[in-house]
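**Student:** Take a look and give me a structure for this.
(chains A and B)
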Amino acid sequence: MTIRVYSTLTRRKEDLVPVVAGKISMYVCGPTVYKPSHVGHMVGPVIFDTIKRFLVRSGYDVKFVINITDIDDKLIVESARRGTSVPALAAEVTADYMTCLDCLDVNSVDSFPRATDHIPEILAMISGLIDKGHAYASDGDVYFDVGSDPDYGKLCNRDPDQLEAGARIEISSRKRNPGDFALWKGAKPSEPFWPSPWGNGRPGWHIECSAMSMKLLGESIDIHGGGLDLQFPHHENELAQSESFTGKPFAKLWLHNGLMKTGDRKMSKSEGNEIVVGLLLKKHRAETLRCLLLSSHYRSPIEYSEDRLLEVQRGLDGFHRFFQRFERIVGESFYGLPTGQFELADSHFAAYGTRFVEHMADDFNTGAALGVLHDLLGALNRFVEVSRLDHPAPSAVAVSDFKRNTLVLRDLSNILGLFQRPISVDTVSQDDLAGPLVEFLIELRNDARKNKDFAMADRIRKKLADLNVTIEDRPGSSGWRRG
RNA sequence: GGCCCCUUAGCCAAGCGGUAAGGCCGCGGAUUGCAAAUCCGCUACCCCCGGUUCGAAUCCGGGAGGGGCCUCCA
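**Tutor:** I've put the predicted structure just below:
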């Protein structure tokens, strides 16, 4: 199946044709590590992790890189403010970022290169650009000469002359043109620095991505991704310096994810309206956040609110109840089922897999894919009803079919990175006193029901409900759950 | 001022020329002693005005409203 992807470069959907057959290289711009991650920082990683999962499931060998920018003006300012060093700040914030990704099950990233580990590559590239006449040293700085690149502006449809007219960019006497950007910045006193042919200094903002992308993935890669806000100037500049350096296409497809909003504004550190991930995860499951991020198309802006999160949570609850149902009927955990095998199901169920794949192959339409997941959930619950699997002594054949058909749900949800592990086991059933007590009360209630003493039965159920225990009566037995 | 993008039910959301997926909420019904859970059913003048077309939420033009970028930003 042909996978179609919208590229910012051409402003339309393109067929995914790998540079190297069977392989996909993917570079996504990661964070500048000066402050703890907020929810918006998770959008890209979750989307691209999902894209990789889908591509791998589709048979591609995918190499996925997210960079860490650990040297930048922001780090210098923030570390000074906090009285710590740039490396210490970078290490701390990077660790926070990794923890967030881990919570969200973003675990398909192959490497997280750091800018400061690639100074030699960066220096080599800057030298090369100077040699080729695309950059010039100026009083300790080195700038990319925008005028030397006739293609400059092709990603964002930007005209360099317009940039001059705008005059909102930094005008420096060291630059030839206002649109020129720093490849290397000379160090001021007390700033961290590395020696270079142009004096002590540090890399400019965009060069690290070009250097690391080329080193780890090659001169031409398949997918370059990042937030919509990086289109300009970051990606435009990366593109210009990379292609000026190699003379080859830098990335075939440019993907940009929409930005997270709170209220009706973009969530960002500079707006000061960011929701820090660590804080959010104290109140909500990471899985709920992941699902929220996947519920709309990756290119759309996504609205964040507490209510939205709770709404997504309620939707997910239906799946969690199903997993308990599955375990009760099959006697095995849903989470233990093998992944990647939806084709083994009955054709009626496997068809959901096909539909799902079609949606994903059309520019990674996770929202539509999630819709299929809900349809499938309904179909599986229907199967339980029709086959009377919730009744005592169900047919062994039906149970076996049920298990096989549930492989579809396991496979598809795994592509989205959902339901990766059981949600935290509630403490009541683990408690060796409370669990048996609840069971005993249910037993008493069922005795009362047999004797038609519904007043007593309802009294017991009401009391348990007050204690946040919900009783579920089924044919032949009664279960219970928290909440 | 320049460059992008968005506008679908109470809310979220898919849709990419053939008469509107899905979720949340709500309302009926099946089931239940009653509930819960599950299943079934119901809820859309697709922002407005023109145009193209046998046919448009989908294409084109204009208008209104909203957002992003042009300065650090995922």
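
**Student:** So chain A: which segments form each domain?
**Tutor:** Segmentation of chain A into domains, based on automatic domain parsing, reads A:16-290, A:305-415, A:434-482.

**Student:** For the first one, measure first residue to last.
**Tutor:** End-to-end distance of domain A:16-290 (CA to CA, to the nearest Å): 25 Å.

**Student:** what's the answer for stretch A:261-276, then?
**Tutor:** Stretch A:261-276 has an end-to-end distance of 13 Å (criterion: CA to CA).

**Student:** Looking at that stretch now, give me its mean pLDDT.
**Tutor:** In this model, stretch A:261-276 carries a mean pLDDT of 83.

**Student:** what about residue A:322, neighbour count?
**Tutor:** Neighbour count of residue A:322, defined by other CB atoms under 10 Å: 19. Every C-beta, even on glycine, is put in place using the N, C-alpha and C of the backbone.

**Student:** tell me the SS of it?
**Tutor:** Three-state call for residue A:322 (DSSP: H, G, I helix; E, B strand; the rest coil): helix.

**Student:** go on, residue A:238?
**Tutor:** Applying three-state DSSP: residue A:238 is helix.

**Student:** so it makes contact with residue A:211?
**Tutor:** No. If you go by CB atoms under 8 Å, residue A:238 and residue A:211 don't touch, sitting 10.0 Å apart.

**Student:** how near is the residue of the stretch 351-483 of chain A found nearest RNA strand B to residue A:161?
**Tutor:** Nearest residue of the stretch 351-483 of chain A to RNA strand B, counting by CB to the nearest atom of the strand: residue A:371, 2.5 Å away. Going from residue A:371 to residue A:161 by CB to CB, to the nearest Å gives 46 Å.

**Student:** again with residue A:33
**Tutor:** 36 Å.

**Student:** what about residue A:418, distance to residue A:409?
**Tutor:** Applying CB to CB to residue A:418 and residue A:409 gives a distance of 10 Å.

**Student:** Same drill for the two, tell me which one is more crowded.
**Tutor:** Per other CB under 10 Å, whichever of residue A:418 and residue A:409 has more neighbours is residue A:409, with 26 against 19.

**Student:** Give me the phi and psi for the nearest residue to the more buried one once chain neighbours are set aside.
**Tutor:** Once flanking residues are discounted, residue A:409 sits nearest to residue A:376: 5.6 Å by CB to CB, 6 or more residues apart in numbering. Per-residue torsions, residue A:376: phi -60, psi -40 (degrees, to the nearest 10).

**Student:** Looks like residue A:376 contacts residue A:408 (just checking).
**Tutor:** Yes. Counting by CB under 8 Å, residue A:408 is a contact partner of residue A:376 at 6.1 Å.

**Student:** can you list residues touching both of these two?
**Tutor:** Both residue A:376 and residue A:408 are contacted by A:349, A:352, under the criterion CB atoms under 8 Å, 6 or more residues apart in numbering.

**Student:** how much space between the closest residue to residue A:290 other than its chain neighbours and RNA strand B?
**Tutor:** Nearest non-adjacent residue to residue A:290, counting by CB to CB, 6+ apart: residue A:104, 5.2 Å away. According to CB to the nearest atom of the strand, to the nearest Å, residue A:104 and RNA strand B sit 13 Å apart.

**Student:** got it, and residue A:131?
**Tutor:** 25 Å.

**Student:** swap in residue A:194?
**Tutor:** Per CB to the nearest atom of the strand, residue A:194 is found 19 Å from RNA strand B.

**Student:** ok, now residue A:86?
**Tutor:** 15 Å.

**Student:** Using the three-state scheme, assign the residue lying closest to residue A:215 once chain neighbours are set aside.
**Tutor:** In space, and not counting its chain neighbours, residue A:215 is closest to residue A:121: 5.3 Å by CB to CB, 6+ apart. With three-state DSSP as the basis, residue A:121 sits in helix.

**Student:** show me the contacts for residue A:285.
**Tutor:** Neighbour list for residue A:285: A:313, A:423 [criterion: CB under 8 Å, 6+ apart].

**Student:** roughly how far apart are it and residue A:107?
**Tutor:** Noted for residue A:285: a distance of 17 Å to residue A:107, by CB to CB.

**Student:** Tell me which of residue A:376 and residue A:408 has more neighbours.
**Tutor:** More neighbours surround residue A:408 than the other of residue A:376 and residue A:408, with 28 against 24 (other CB under 10 Å).

**Student:** what helix or strand does the more buried one sit in?
**Tutor:** helix A:396-416 (DSSP states H and E).

**Student:** Tell me which of residue A:33 and residue A:161 has more neighbours.
**Tutor:** Relative neighbour count places residue A:33 above the other of residue A:33 and residue A:161, with 27 against 12, counting by other CB under 10 Å.

**Student:** In three-state terms, how would the closest residue to that one other than its chain neighbours be classified?
**Tutor:** Spatial nearest neighbour of residue A:33, excluding adjacent residues (CB to CB, 6+ apart): residue A:93 at 3.8 Å. Secondary structure, three-state DSSP: residue A:93 is helix.

**Student:** mind listing what residue A:93 touches?
**Tutor:** Applying CB under 8 Å, 6+ apart, the residues near residue A:93 are A:31, A:33-37.

**Student:** Select, from the residues you listed, the two members most distant in space.
**Tutor:** For those, the farthest-apart pair by CB to CB is A:34 and A:37; their separation is 10.9 Å.

**Student:** now for the helix holding residue A:408, which elements pack on it?
**Tutor:** Other elements packing on helix A:396-416 under the criterion 3 or more CB pairs under 8 Å, 6 or more residues apart in numbering; DSSP states H and E are helix A:40-57, helix A:306-330, helix A:347-361, helix A:366-386.
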